[in-house]
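Engineer: The sequence and its predicted three-dimensional model are supplied below.
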Amino acid sequence: MTVDAHHHVWDLSVRDQDWLTGPELQPLRRNFTVEDLEPEAHAAGVTRTVLVQTVTVPEETPEFLALADAHDLIAGVVGWADLTRPDIAEELARLRELPGGTHLKGIRHQVQGEPDPEWLLRPDVHRGLAAVAEAGLVYDLIVRPHQLPAAVRAAESHPRLTFVLDHLGKPPIASGALDPWAGAVRSLAALPNTVCKLSGMVTEADPASWTADDLRPYADTVLDAFGPHRLMFGSDWPVCVLAASYEQVADTAGDLVKKLTDDERTAVFETTAVRVYGL
């Protein structure tokens, strides 16, 4: 059994995805539903998934919780809530009382789009992260390499909160450069309350010509830094379709961890996600 710890869905008739700009993202400017995902996930042996937020609007999280309530495939939701609101603790409690609220496993904010590289260290964000920890949820980090030092300090400040690094911290795979990304990732991995998703790599590589060997140095870095029991597979569907099919992403992830033991591969593809998200 495989858990896909990171995917999205959206319906453009419900709301626009305002980040889908430019010709390179045009293939994503259509609806992607759970019904679209199910046959691809099942063909790849995926039996459970984690649905992750896409936009910073309060209406999306209740919609995702309702989807999880209606579809056995979705075992958990990483939603969005405004960490800076004074009543963030009450808001998290409210979300968990909604239909499907038991599926709320984590919170994420689009930190990668924040102009302040130390957004995670703001006092109001610090208070919000403390509320996430108190609620027993995890926090997904969507950051770029230059924001990783602030992520390290935030994780140090909240030892009771598990921080999940999405997409390896978006390393510059297309350029082939490892540093300074690798050093920052190792600093984050040195903290016991951090986990990493083996996800989002194909779209950081050259979308037209990437190979598994292009991704391997980056996968090997996080495998060495976090270890397989703090690493989890995510497809990043449907964003991945810009560079690869769902099947290709899953097969490539398998290739990148083929030297691991059976137990270690099971951790990457199932048990880490089950443990971290409480699926």
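Structural biologist: Structure received. Keep in mind that what you see is a predicted model, and the values were worked out from it rather than measured.

Engineer: When you work out contacts or count neighbours from here on, use the C-alpha atoms and nothing else.
Structural biologist: Will do.

Engineer: Name the residues of the longest helix seen in the chain that are buried.
Structural biologist: Longest helix of the chain, by residue count under DSSP state H: helix 212-226. Residues Ala212, Asp214, Leu215, Arg216, Pro217, Tyr218, Ala219, Thr221, Val222, Leu223, Ala225, Phe226 are the ones in helix 212-226 that count as buried (16 or more other CA atoms under 10 Å).

Engineer: Show residues contacting it.
Structural biologist: For helix 212-226, contacts defined as CA atoms under 8 Å, 6 or more residues apart in numbering pick out 168, 171, 173, 176, 178, 182, 185-186, 189-190, 195-196, 198, 201-202, 205, 231, 252, 255-256.

Engineer: Name the next helix or strand following it along the chain.
Structural biologist: Next helix or strand after helix 212-226 toward the C-terminus (DSSP states H and E): strand 231-233.

Engineer: average model confidence for that next one?
Structural biologist: The pLDDT scores in strand 231-233 average 98.

Engineer: How far off centre is it?
Structural biologist: Computed by CA atoms, centre = their mean, to the nearest Å, the chain-centroid distance of strand 231-233 equals 10 Å.

Engineer: do the same with stretch 43-60
Structural biologist: Distance, centroid of stretch 43-60 to centroid of chain: 9 Å (CA atoms, centre = their mean).

Engineer: Give the buried residues for that stretch.
Structural biologist: Ala44, Val46, Thr47, Arg48, Thr49, Val50, Leu51, Val52, Gln53, Thr54, Val55, Glu60.

Engineer: mind putting these in TSV, distance to Val164, secondary structure and pLDDT included?
Structural biologist: Shown next, in TSV, are the buried residues of stretch 43-60 (distance: CA to CA, whole Å; DSSP: H, G, I helix; E, B strand; the rest coil; pLDDT from 0 to 100):
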residue	distance to Val164	secondary structure	pLDDT
Ala44	23	coil	96
Val46	20	strand	97
Thr47	21	strand	96
Arg48	18	strand	98
Thr49	15	strand	98
Val50	13	strand	98
Leu51	14	strand	98
Val52	12	strand	98
Gln53	14	coil	97
Thr54	16	coil	95
Val55	18	coil	93
Glu60	20	helix	96
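
Engineer: list the contacts for the residue nearest to the spatial centre of the chain?
Structural biologist: With distances taken as CA atoms, centre = their mean, Asp166 lies nearest the centre of the chain, 3.9 Å away. By CA under 8 Å, 6+ apart, the contact set of Asp166 is Asp140, Leu141, Ile142, Val143, Cys196, Lys197, Leu198, Ser199, Gly200.

Engineer: Same question for Val78.
Structural biologist: Listed by CA under 8 Å, 6+ apart, the contact set of Val78 reads Val50, Leu51, Val52, Gln53, Leu104, Lys105, Gly106, Ile107, Arg108, Asp140.

Engineer: contacting residues for the closest residue to the fifth one other than its chain neighbours?
Structural biologist: The shortest distance from Leu104 to any residue that is not its chain neighbour, by CA to CA, 6 or more residues apart in numbering, is 4.9 Å, and that residue is Val77. Taking CA under 8 Å, 6+ apart as the contact definition, Val77 lies against Val50, Leu51, Val52, Gln53, Phe64, Leu65, Ala68, His103, Leu104, Lys105, Gly106.

Engineer: so which of those residues comes closest to Pro149?
Structural biologist: Nearest to Pro149 among the contacts of Val77: Gly106, at 21.6 Å, using CA to CA.

Engineer: and the contacts of Val77 as CSV, adding distance to Asp236?
Structural biologist: Shown next, in CSV, are these (distance: CA to CA, whole Å):
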residue, distance to Asp236
Val50, 10
Leu51, 10
Val52, 9
Gln53, 11
Phe64, 16
Leu65, 19
Ala68, 17
His103, 19
Leu104, 19
Lys105, 17
Gly106, 16
